[in-house]
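# my questions are about this predicted structure, shown below with the sequence.
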Amino acid sequence: MSIFEVRHQRWAQVILQSAIGGDRIPHAYLFHGPDGIGKETLARAYAQLLLCEKPVCHNECSSEYAPDGKQWFDSCGLCSSCRLMETDSHPDYHLIHRRLIRFHDDPSVRARKGLDLGIDVIRQFVLDAAHKKPALGSRKVFVLRETEKLTSAAQNALLKTLEEPPPGTFLILICRALDSLLPTTRSRCRSIPFSPLPISFVHETLQGRHSDINADLIRFAAALGEGSLGRSVQCLENGLNEINRNVITPLKDLSVLSALEWAHLLEDQADQLAHRSRLGDEEINETDAVRQALTQILTLVATFYDDVLKLTHGQQERCCNTADLEIVRQAGSRMKHDWIPRSIGWTVQAEAQIHLNANTTLCLENLAMRLAHLYAPSR
Ligand SMILES: [Zn+2]
């Protein structure tokens, strides 16, 4: 793919292009930022450019990357190397991830679960592979996915290669947050920050890909992704809208009597969501998956009360729950307006507690009881 197909990451593009244009290509980059915003896509497109036999040089570029008289480089898309990249079969492009443990030479290592990106995978698939000659040209590129899951031992084993890789070897580490890596690893890589995508772009992309899905649902997924196309796609794939409706419907009129029932409903919905998101990746620990699902569900709750607040301020067009505005309206009519921000604060607080491994049932029950007191009692 053309490197310019990766949109809205101008800063990253400028850094990469300046290095190529200046002929000072760093051998280790660290791409960091939230999931689903183009880090791995750009890493792959950049790898294609590094491996391309006849890279092309543009003096002008699309307006988004207006080059100020600079030259911009891209892969040709035509050479045998580019064609191998397009068919996902380039022998010198190495995508490294924790699930490679299943393909390890040692059967006792293969028997383990790939919860982390451990030293065995790094040794065989990066260190040993980096010391072999490239199969085609003179370069090899390693893209390491989810490096926040690298163990300390694996990071220590990588240090020498990051510092001084074999000639023609390039590494791109991808992670969510810089501080998830050891300082010694970070200091050996050139860091490039990635920013969330504009929500309008996520919205347009989803519309283009899913013309069969209704507009409310697309809008909901785009808003909930908070600038991550990957997260928005997951919302659609995991049926988060259906879970959202189950979670928010009782919130139109929560009472002390119905609060605990609602708290248990959240746990039940989290189990369902965790099951859906674990499909195809049984290496995710079940308890972690449920906690992750619960934090997602609490985001739905916070988004709902945020919509209640917006609606009471007459900002209907900014609401996420456009398909369920009646539920939002009913909740707004039952709650004291000054109290609505408290509901958002408490929900975010519960989300943080669950993230820090608090007792989930207790946390949800407390939240439900506190929220119930924000509604006027039924007559
Ligand atoms: Zn090419």
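Perfect, thanks for sending it. Since the structure is predicted, the reported quantities are computational estimates derived from the model, not experimental observations. Residues are numbered from 1 along each chain as shown.

# buried stuff in stretch 309-327?
By 16 or more other CB atoms under 10 Å, the buried positions in stretch 309-327 come out as Leu309, Lys310, Leu311, Thr312, Cys319, Cys320, Asn321, Thr322, Ala323, Asp324, Ile327. Every C-beta, even on glycine, is put in place using the N, C-alpha and C of the backbone.

# looking at those residues, which are in strands?
Among the buried residues of stretch 309-327, no member falls in strands (criterion: DSSP state E).

# quick one: Leu127 and Leu159 touch, right?
No - counting by CB atoms under 8 Å, Leu127 stays clear of Leu159, with 10.7 Å between them.

# ok, these two, which is more surrounded?
Leu127 (18 against 14; other CB atoms under 10 Å).

# what's the spacing between that one and Thr151?
14 Å (CB to CB, to the nearest Å).

# go on, Trp11?
30 Å.

# next: Arg176.
16 Å.

# same question, Thr184
14 Å.

# who are the packing partners of the strand ranked longest in the chain?
Counting residues, the longest strand in the chain under DSSP E turns out to be strand 169-175. Packed against strand 169-175 by the contact rule (3 or more CB pairs under 8 Å, 6 or more residues apart in numbering; DSSP states H and E) you find strand 28-32, helix 39-51, strand 140-144, helix 152-163.

# redo that, cut-off 7 Å
Other helices and strands packing on strand 169-175, by 3 or more CB pairs under 7 Å, 6 or more residues apart in numbering; DSSP states H and E, are strand 28-32, helix 39-51, strand 140-144.

# show me what contacts whatever residue of the stretch 151-300 of the chain ends up closest to the ion?
Nearest to the ion in the stretch 151-300 of the chain, going by CB to the ion, is Phe170, at a distance of 16.0 Å. Neighbouring residues of Phe170 by CB atoms under 7 Å, 6 or more residues apart in numbering: His27, Leu50, Arg139, Val141.

# pretty sure the second one sits against Val141.
Yes - using CB atoms under 7 Å, Leu50 is in contact with Val141, at 5.6 Å.

# care to break this protein down by domain?
3-193, 238-372 (automatic domain parsing).

# now the terminal residues of the last one, how far apart.
Criterion CA to CA, to the nearest Å; first-to-last residue distance in domain 238-372 is 29 Å.

# distance between it and the chain's centre?
21 Å (CA atoms, centre = their mean, to the nearest Å).

# sorry, back to before: so which of the helices and strands packed on strand 169-175 gets nearest the ion?
helix 39-51 (7.2 Å).

# tell me if whichever helix or strand comes after the closest one is near the ion.
For helix 39-51, the following helix or strand on the C-terminal side (DSSP states H and E) is strand 56-58. No - Strand 56-58 is not in contact with the ion by CB under 5 Å from the ion; minimum separation 8.2 Å.

# coming back round to it: what would the contacts of Phe170 look like in TSV with distance to the ion, pLDDT and neighbour count?
Formatted as TSV, the contacts of Phe170 follow (distance: CB to the ion, whole Å; pLDDT from 0 to 100; neighbours: other CB atoms under 10 Å):
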residue	distance to the ion	pLDDT	neighbour count
His27	21	95	19
Leu50	10	96	22
Arg139	12	96	18
Val141	14	98	24
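
# which single one of those is nearest to Ser2?
Ser2 lies nearest to Leu50 out of the contacts of Phe170, by CB to CB, at 14.1 Å.

# end to end on stretch 305-321, go ahead and measure it.
Using CA to CA, the two ends of stretch 305-321 sit 10 Å apart.

# what's that stretch in contact with?
Here stretch 305-321 has contacts from 220, 223-224, 248, 303-304, 325, 328-329, 331-332, 335, 337, 340-341, 343-344, 347, using CB under 7 Å, 6+ apart.

# please pick the buried ones from those.
Buried among these (16+ other CB under 10 Å): 220, 223-224, 248, 303-304, 328-329, 331-332, 335, 340, 343-344, 347.

# got the residues of the stretch 51-200 of the chain near the ion?
Residues of the stretch 51-200 of the chain lying near the ion by CB under 5 Å from the ion: Cys52, Ser75, Cys76, Cys79, Cys82.

# show me which of those are buried.
Buried, going by 16+ other CB under 10 Å: Cys52, Ser75, Cys79, Cys82, out of these.

# and which of those is nearest to Leu260?
Ser75 (58.3 Å).

# what does the pLDDT read for that closest one?
Listed pLDDT for Ser75 reads 96.

# show the contacting residues for it.
Ser2, Ile3, Gln48, Leu49, Cys52, Pro55, Cys82.

# repeat that with 8 Å
Met1, Ser2, Ile3, Ala45, Gln48, Leu49, Leu51, Cys52, Pro55, Val56, Cys82, Met85 (CB atoms under 8 Å, 6 or more residues apart in numbering).

# and the closest residue to the first one other than its chain neighbours, what does it touch?
Just to be clear, that refers to Met1. Once flanking residues are discounted, Met1 sits nearest to Ala45: 5.1 Å by CB to CB, 6 or more residues apart in numbering. By CB under 8 Å, 6+ apart, the residues touching Ala45 are Met1, Ser2, Ile3, Glu5, Val6, Ser75.
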